[in-house]
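**Q** Give me coordinates for this.
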Amino acid sequence: MTETDTTPDSAPGQKARFQLGTGPGRVLVWFYGVFTVAAASRSIVQMILDFGRAPLAYVLSAVAALVYGFITYSLVRGGEKARRTALVCCAAELAGVLLVGTWTLVEPSAFADATVWSYLGRDYLFIPVILPVTGMIWLRRAKNV
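**A** Now for the predicted structure:
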């Protein structure tokens, strides 16, 4: 199947659904899937074991997991509506990474513990700041297909 093939359940004459999770999009699905599991696992363990220590950091990691999960779902689902939704989520993710990352650089004592987005994702090889930019580029490209 090519990227613009119709899905088996689409009617003749209906516009083809672009599969966002194909080609380079497959790599994005993989990274977002891994980051969903990583951020969710991290936040769940931290909230269970020591929520009172750094509630803001742990809740922000949980929010990151939700955003990652939603983007993963949208990429797998495909279609124009999912593409637009994923694009908005990637922009929100980038804003969160930049806000939290800058906050932790300027005022490191503001967080008692690190979040997924702390220091622009330093603990995750800066992938949290690279991933939404890459995602937005892919999703913008997908609009033209």
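
**Q** Centre of the chain to stretch 21-38, how far?
**A** Chain-centre distance of stretch 21-38: 9 Å, with C-alpha atoms, centre = their mean, to the nearest Å.

**Q** Which residues belonging to it are considered buried?
**A** Going by neighbour count (16 or more other C-beta atoms under 10 Å), the buried part of stretch 21-38 is G21, T22, G25, L28, V29, F31, Y32, G33, F35, T36, A38. To be clear about C-beta, it is placed using only N, CA and C from the backbone, and glycine gets the same treatment.

**Q** and L60, how many neighbours?
**A** A count of neighbours around L60, defined by other C-beta atoms under 10 Å, yields 22.

**Q** what's the closest non-adjacent residue to it?
**A** Spatial nearest neighbour of L60, excluding adjacent residues (C-beta to C-beta, 6 or more residues apart in numbering): T115 at 4.4 Å.

**Q** Need the max-distance pair from the buried residues of stretch 21-38.
**A** T22 and A38 (23.8 Å; C-beta to C-beta).

**Q** how about the one residue sitting closest to the centre of the chain, what does it touch?
**A** Centrality entry for the chain: nearest residue to the mean C-alpha point is Y68, 3.3 Å, by C-alpha atoms, centre = their mean. Applying C-beta atoms under 8 Å, 6 or more residues apart in numbering, we find Y68 in contact with Y32, F35, T36, A39, E93.

**Q** surely the last one meets P132?
**A** Yes: here E93 lies in contact with P132, judged by C-beta atoms under 8 Å, at a distance of 4.4 Å.

**Q** picking that back up, relative to I127, how far out is the residue nearest to the centre of the chain?
**A** Noted for Y68: a distance of 11 Å to I127, by C-beta to C-beta, to the nearest Å.

**Q** what's the overlap in contacts for these two?
**A** Residues touching both Y68 and I127 by C-beta under 8 Å, 6+ apart: F35.

**Q** where's the residue nearest to the centre of the chain, which helix or strand?
**A** In this assignment (DSSP states H and E), Y68 forms part of helix 55-77.

**Q** buried stuff in that helix?
**A** Neighbour counts over helix 55-77 (16+ other C-beta under 10 Å) mark 57-58, 60-65, 67-77 as buried.

**Q** CA-only coordinates of stretch 68-75 in PDB, if you can.
**A** Coordinates of each C-alpha in stretch 68-75 appear next as PDB, following Å, rounded to 0.1, in the frame of the first residue of the first chain:
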ATOM      1  CA  TYR A  68       2.300  11.700  24.000                       C
ATOM      2  CA  GLY A  69      -0.500   9.100  24.100                       C
ATOM      3  CA  PHE A  70      -2.900  11.400  22.300                       C
ATOM      4  CA  ILE A  71      -0.400  12.200  19.600                       C
ATOM      5  CA  THR A  72       0.400   8.400  19.200                       C
ATOM      6  CA  TYR A  73      -3.200   7.600  18.800                       C
ATOM      7  CA  SER A  74      -3.700  10.400  16.200                       C
ATOM      8  CA  LEU A  75      -0.700   9.300  14.200                       C
END
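
**Q** That's all I had, so thanks and see you.
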